[in-house]
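J.: The sequence and its predicted three-dimensional model are supplied below.
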Amino acid sequence: MNRSRNIRSVLPRELEDLLLRNGHPAYRVRQILHWLYARRVDTWEAMRNLPESVLRILRENYEIRPSCTAAGQAIRAEDESWKWLWQLADGDYVESVLISAHPGRTGEVARRKTLCVSTQVGCAYGCVFCASGLDGFKRNLTADEIVGQVLAAETQLLAPDSENRSERRIQNLVFMGMGEPLANYDNLLPALTILNADWGGGIGARRITISTCGLVPGIRRLVQEPHQFRLAISLHGPTDEIRERIMPVNRRYPLKDLIEACDEYVSGTGRLITLEYILIANVNDDPALIRPLGQIALRLRAKVNLIPYNRVKGLDWRRPPENRQERFVRELEALGVSATLRREKGHDIDAACGQLRRFVKRSAHPVSTNAAP
Ligand code: SF4
């Protein structure tokens, strides 16, 4: 079916051009954005202060509809992570995971919430430990499907009786869900612009992290962007040998090229990056790897985020024992590297990206349900 674009993929400049070309004043754009992102309406008729002549132009050029609908209720993990499976207009599925911040030192429960967002249906990069790549790549998400995950999650977080549809419930975004964000750059950037804008999602650029498996051209493009979005590199190995074993992308963009692109990013933007390192037993947890990992981090002035591996059904990889995980943090810190060991979230709800979608696609049964958050 040849659908027209969803209006939540469109940036204000395009709307303004369209309206001006048709003899309407530019201030109508502000009104449209207000209906879309503050009031979050899903019909043209609900945009009550727009004249019929403007609505007709919008109807002729765009669709308005929710981009993602929840397939069942959210699934909750023991650690208060939540996972949604969203169904898209073409019937396929993507996932988002909501991670609540750790309780504060004084025991209070922090209110800050981070949503892990998907950018593609499936993934072409085939990292051997990841569920998202197991069925290959299907398609890029459109900008509205990326934005739609955040809007839909915020709606789900509202109390059922809440009338304030514009209440902002998510403070941080990480693009670490299904897919490689920088492989979908042309839809990712408009989506981030919308999610960051005061008139849109209102989420600060420094609270938005793009995570890449190491697409060097995409990192170089990001250097040119004016926004202050954060960058995380899924490193997972400090040598070409280890990365090639688990991340085929390293054959195309070996470590030397990746580190040079990161150097350019840090010097060109003045922003720091994070190195993500999933600890997998007998793959990349050899203590001999701590020093080369530390050297990369020190060169890039990057923080290292260590993540014990989340089991994926059908794959044999395991996380190392806790004492081995802790040795990585201790010895990285001894080298002068800022390192954290992430207490994993969502281990009991298949939070590793792509698992829930695989389960649903292979099963005739709908998603099992828990109470919504
Ligand atoms: S880890 Fe990321 S880049 Fe690698 S297969 Fe999974 S989704 Fe794709």
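T.: Happy to help now that I have it.
J.: The ligand contacts on the stretch 51-200 of the chain?
T.: Where the stretch 51-200 of the chain comes near the ligand, counting by Cβ under 6 Å from any ligand atom, the residues are Cys123, Tyr125, Gly126, Cys127, Cys130, Ser132, Gly133, Met178, Gly179, Glu180. From N, CA and C alone the C-beta is placed, and that goes for glycine too.
J.: Flag the least confident of the residues you listed.
T.: When those are compared by pLDDT, Gly133 scores lowest at 76.
J.: Contact partners for that one?
T.: Gly122, Cys123, Ala124, Tyr125, Gly126, Cys127, Gly354 (Cβ atoms under 8 Å, 6 or more residues apart in numbering).
J.: my guess is the first one meets Asn140, correct?
T.: No - at 10.2 Å, Gly122 does not count as touching Asn140 under the criterion of Cβ atoms under 8 Å.
J.: Find residues that contact each of those two.
T.: Common neighbours of Gly122 and Asn140 (Cβ under 8 Å, 6+ apart) are Gly179.
J.: ok, back up a step: ok, so of the contacts of Gly133, who is nearest Glu260?
T.: Top of the list for closeness to Glu260, among these and by Cβ to Cβ, is Tyr125 at 20.1 Å.
J.: Pull the number of nearby residues for the closest one.
T.: In terms of burial, Tyr125 registers 21 neighbours under the definition other Cβ atoms under 10 Å.
J.: And Gln224, by the same measure?
T.: Around Gln224 there are 8 residues (other Cβ under 10 Å).
J.: any idea how far the ligand is from it?
T.: 23 Å (Cβ to the nearest ligand atom, to the nearest Å).
J.: how close does that residue sit to Phe129?
T.: From Gln224 across to Phe129, the span is 32 Å (Cβ to Cβ, to the nearest Å).
J.: Repeat that for Leu235.
T.: Using Cβ to Cβ, Leu235 is found at 13 Å from Phe129.
J.: In terms of packing, which of those two has more residues around it?
T.: A count of neighbours by other Cβ under 10 Å puts Leu235 above the other of Leu235 and Phe129, at 28 against 20.
J.: can you give me the helices for the protein?
T.: For the chain, the helices defined by DSSP state H occupy 12-21, 27-33, 52-61, 143-157, 185-196, 216-223, 240-246, 249-252, 255-269, 290-300, 322-334, 355-362.
J.: quick one: which of the ones you listed is nearest Asp316?
T.: Closest among those, once you apply Cβ to Cβ, is helix 240-246, at 12.7 Å.
J.: Buried residues, that closest one. List them.
T.: Ile242, Arg243, Ile246 (16 or more other Cβ atoms under 10 Å).
J.: Mark out where each domain of the protein begins and ends.
T.: Domains of the chain are assigned by automatic domain parsing as 7-61, 69-362.
J.: show me what contacts the residue nearest the centre of the chain?
T.: Nearest to the geometric centre of the chain sits Phe175, at 2.0 Å (Cα atoms, centre = their mean). Contact analysis of Phe175 by Cβ under 8 Å, 6+ apart lists Cys116, Val117, Thr119, Pro181, Leu188, Ile208, Thr209, Ile210, Ser211.
J.: of all those, which two lie farthest apart?
T.: The widest separation within the contacts of Phe175 (Cβ to Cβ) is 14.6 Å, between Cys116 and Leu188.
J.: And the closest residue to Leu272 other than its chain neighbours, what's its pLDDT?
T.: In space, Leu272 comes closest to Arg301 once its chain neighbours are excluded; the distance is 6.0 Å by Cβ to Cβ, 6 or more residues apart in numbering. Note for Arg301: predicted pLDDT of 97.
J.: What separation do you get for Arg301 and the ligand?
T.: Taking Cβ to the nearest ligand atom, one finds Arg301 at 24 Å from the ligand.
J.: do the same with Tyr37
T.: 28 Å.
J.: pretty sure that residue contacts Asn196?
T.: No - shown here, Tyr37 and Asn196 do not form a contact pair, counting by Cβ under 8 Å, at 11.6 Å.
J.: hang on, Glu145 packs against Cys68?
T.: Yes - the pair Glu145 / Cys68 is scored as a contact, 6.4 Å apart, by Cβ under 8 Å.
J.: Between these two, which contacts overlap?
T.: Leu88, Val94.
J.: So which of the helices of the chain is the most surrounded?
T.: Mean neighbour counts were compared across the helices of the chain using mean count of other Cβ atoms under 10 Å; the top stretch is helix 143-157, at a mean of 24.
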